[in-house]
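Chemist: Please find the sequence and the predicted model below.
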Amino acid sequence: MDPSYEIIMIIILVIVFHVLIFRWLMRKSKNIDGKHVCITGGSSGIGLWVAINAAKKGADITIVARNVKILEKAVNVIKDNCVRDDQRIEYYSLDVSSNHEKIQKAFLEIEEKLGDIYMLVNCAGMAICGKIEDTNPEDAKFMMDLNYFGTFYPIQCVLPKMKAKKDGIIVITSSQGGLIGIYGMAAYNATKFALRGFAEALSMETKHLGINVTLSLPADTDTPGFANEQKSKPRITQEICSGGGLFKPEDVGKKLLDDALKGNFFSILGIESWMMSILCVGMAPWKNPLLGFLQCYLLGVIRLVSFMFQWNFGRIVRKYDKPKEKSN
């Protein structure tokens, strides 16, 4: 083959690759100014910071949670971050782990107040830790009801109108625990893995209709929910999870909103989450050329790194989880 032809082909490929990167970097975010953003779990933690950042972008906001007093305080905080006097900030007291009929009725009332929901952010959830044999079946069911069905039902309520308008944004909050199973978190992992599969299927059902789906995969974040989670977390689980650090909810909330408005499927923060998203990418939707290239290029290398992580996790388990000696 003529060497000059090879050089020309390489130059063309380099130009095409840089054009794709430029288009990805310069792509516009969706505008939520004056649009209705509804956030479940929006009274504290990551959900509250999503609401605060949405308020800064001019959105009308409904936050959904159970505790009315906490909701009222959160509304005042969100209002302090509004950019217009006519922005509307409302709350709705609702347990999203309740039955479908009750949730459907609630979302009809929410949309009667502020109009059709343009962006639904699902942040409600919690973790109860413990080894499988120590896990209360009622706790396992509660987490599935809250983490999975508490996401499924609200999406089912808003999806028909979004499809009819061929526009909208849906955010599903899973976690790193939706990518890797961790000692002492099996029941919780199951709910978050379920959300990962649900998000991929939802994206396939809605992408051609102009609806963006974003899957948030936060690592440990300094929220009231995380503080409660620590109470039930076994020592081994704490040591395995400690290497990833603890993120601020304001950083996670801002990144989540930015990624959703840009149409990214994964929303991640931190090098560990970035590596995990590449390692576990599987058949996740392909959204931008730069990330797709990096996933192909780095997958093998990061898989090698994962062997070291798995060895370390195993070392921790073997160190502390020793069989109890039988007494005579």
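Modeler: Sure, I can see it.
Chemist: Every contact and neighbour count from this point should use C-alpha atoms.
Modeler: OK.
Chemist: May I have the predicted confidence score for residue 285?
Modeler: Here the pLDDT value assigned to residue 285 is 86.
Chemist: Quick check: the gap between it and residue 176.
Modeler: 18 Å (Cα to Cα, to the nearest Å).
Chemist: what do you get for residue 224?
Modeler: Distance from residue 224 to residue 176, by Cα to Cα: 18 Å.
Chemist: Which one of those two is surrounded by more residues?
Modeler: The neighbour comparison of residue 224 against residue 176 (other Cα atoms under 10 Å) goes to residue 176, with 21 against 12.
Chemist: Let me see the confidence value for that one.
Modeler: For residue 176, the predicted pLDDT is 91.
Chemist: Tell me the helix or strand right after the lowest-mean-pLDDT helix or strand in the chain.
Modeler: Of all helical and strand segments in the chain, the minimum by mean pLDDT, DSSP states H and E falls on helix 3-26, at a mean of 58. Next helix or strand after helix 3-26 toward the C-terminus (DSSP states H and E): strand 36-40.
Chemist: neighbouring strands for that next one, and are they parallel or not?
Modeler: strand 60-65 (parallel), strand 117-122 (parallel) (DSSP bridges).
Chemist: can you give me the mean pLDDT across whichever helix or strand comes after that strand?
Modeler: Sequence-wise, the next helix or strand downstream of strand 36-40 (DSSP H and E) is helix 45-56. Helix 45-56 comes out with an average pLDDT of 98.
Chemist: quick one: helix 45-56 to chain centroid distance?
Modeler: 14 Å (Cα atoms, centre = their mean, to the nearest Å).
Chemist: what does that helix rub up against?
Modeler: Here helix 45-56 makes contact (Cα atoms under 8 Å, 6 or more residues apart in numbering) with 32, 37, 39-42, 61, 63, 74, 77-79, 81-83, 121-124, 222-225, 249-250, 252-254, 256-257.
Chemist: Now, of these, which are buried?
Modeler: 32, 37, 39-42, 61, 63, 74, 77-79, 81-82, 121-124, 222-223, 225, 249-250, 252-254, 256-257 (16 or more other Cα atoms under 10 Å).
Chemist: Any idea what residue 212 is bridged to?
Modeler: What pairs with residue 212, by the bridge criterion (DSSP bridges), is residue 169.
Chemist: What are the buried residues along the helix ranked longest in the chain?
Modeler: Ranked by residue count, the top helix of the chain under DSSP state H comes out as helix 289-320. Within helix 289-320, the residues scored as buried using 16+ other Cα under 10 Å are 289-290, 295, 299, 303, 313, 316-317.
Chemist: which one of those residues sits closest to residue 112?
Modeler: Proximity of those to residue 112 was ranked by Cα to Cα; the top entry is residue 289 with 40.3 Å.
Chemist: For residue 123, see how far away the residue nearest the centre of the chain is.
Modeler: Using Cα atoms, centre = their mean, the residue of the chain that lies closest to the mean C-alpha position is residue 216, 2.0 Å off. Relative to residue 123, residue 216 is positioned 9 Å away (Cα to Cα).
Chemist: any low-confidence regions in the protein?
Modeler: Under the criterion pLDDT under 70, the flagged ranges of the chain are 1-27, 288, 323-328.
Chemist: can you rerun that using 90?
Modeler: 1-29, 98-99, 224-226, 228, 240-245, 270-302, 304-306, 309, 319-328 (pLDDT under 90).
Chemist: What segments of the stretch 201-328 of the chain are strands?
Modeler: 211-216, 266-267 (DSSP state E, counting those that start in this stretch).
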